[in-house]
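Q: Got a predicted model here, sequence first, then my questions.
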Amino acid sequence: MRKTLFLAALLVAASAAPASANLSVFACEPEWGALSSEIGGDKVSVYTATTGAQDPHQIQARPSLIAKARNADITVCDGAELEIGWLPMILQQSGNAKIAVGQPGAFDATNYAHLLEQPSRLDRAEGDIHAAGNPHIQTDPRMLSGVAKALAARFTQLDPANAATYQAREADFQKRWAAATAKWQAKAAPLKGTPIVVQHHAWIYMERWLGLVEVAPLEPKPGVPPSSGYLAQVLGRLQATPAKFAIRAAYEDDSPSNFISEHAGIPAVVLPFTVGGTESAKDLFSLYDDTINRMLGALKK
Ligand SMILES: [Zn+2]
């Protein structure tokens, strides 16, 4: 009898505490929303604040985003000042102490990656929007491995009841990710040493990964649109050092890379940049499939 009562009490306690905590995730960009789903599965509900058609440097802090942030348990963002133009306002307006800077509910992916191009001096007057180092780590899939590990640990910290799920899902992700990365590297081997032109200086991690050689960015400074005079300079440089193709992210204005394509006689290639940037980039895995397919396609032109 006592045992039955004890069991009944346990059952009541179990139903009173939520069986699945269902962490509410506010992801700043689609790649971090996708990674949150990979690690969290049905234990997390993910809201992704931006799409692949939007410039993640330039987002409006709309009331709908603030409302979502108000109920979030964790933000999963890029960091390294990528969102400096919009996220601080959302955090402030949300009044949600859980996701304030420095809290366990504020997760920045770039804290778990070694950033390239950390400038020795800050000079925003020159239009440098990458003052904390280059934030675009998702262009190299190897960077996601460390982020995934840290994210699983953070989900576990916030929701220890589901620790086993987060750890199992992370281990499974790492296995699939390592296999996929090896496959991408083998497939992309013909790209090694290929000189390219980029629109925004957003691809340095991918260039290092695949051995692509950036001849020139089409922005004189990160975030500063090129003048026609500057594009003429780039064309001059391309005569001395020809590039095979010009890449830009799906969200970017197509005119600078189209201008270069037309005048230098090289293909302009649109890359997804994030999940959803192109129709084929439906998840983290197809993001890199599509990125490599598109560049290999341009190499054949
Ligand atoms: Zn950038």
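A: Yep, that arrived.
Q: Run through the helices of the stretch 101-250 of the chain in chain order.
A: 142-158, 163-187, 204-210, 228-240 (DSSP state H, counting those that start in this stretch).
Q: quick one, the longest one and helix 142-158 angle?
A: For helix 163-187 against helix 142-158, the angle by axes from the mean of the first three to the mean of the last three C-alpha atoms, to 10 degrees is 180 degrees.
Q: for helix 163-187, packing partners?
A: helix 30-40, helix 142-158, helix 284-300 (3 or more C-beta pairs under 8 Å, 6 or more residues apart in numbering; DSSP states H and E). Heads up, the C-betas are built off the backbone N, CA and C, glycines and all.
Q: Make JSON lines out of the helices of the stretch 101-250 of the chain and add mean neighbour count.
A: JSON lines is the format used below for these (neighbours: other C-beta atoms under 10 Å):
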{"stretch": "helix 142-158", "mean neighbour count": "20"}
{"stretch": "helix 163-187", "mean neighbour count": "15"}
{"stretch": "helix 204-210", "mean neighbour count": "21"}
{"stretch": "helix 228-240", "mean neighbour count": "14"}
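Q: Can you check which of those helices gets nearest to D108?
A: Smallest distance to D108 across the helices of the stretch 101-250 of the chain (C-beta to C-beta): 9.5 Å, for helix 142-158.
Q: how many degrees apart are the closest one and helix 30-40 in direction?
A: 50 degrees.
Q: how many degrees apart are helix 142-158 and helix 284-300 in direction?
A: Going by the same axes, to 10 degrees, helix 142-158 makes 170 degrees with helix 284-300.
Q: distance between helix 142-158 and the chain's centre?
A: Remark: helix 142-158 is offset 14 Å from the chain centroid, using C-alpha atoms, centre = their mean, to the nearest Å.
Q: for that helix, what is the average pLDDT?
A: Taken as a whole, helix 142-158 has a mean pLDDT of 98.
Q: what do you get for stretch 233-247?
A: The average pLDDT for stretch 233-247 rounds to 96.
Q: To H136, which of the helices of the stretch 101-250 of the chain lies closest?
A: helix 204-210 (6.5 Å).
Q: what helices or strands is that closest one leaning on?
A: Counting contacts by 3+ C-beta pairs under 8 Å, 6+ apart, helix 204-210 is packed against strand 213-217.
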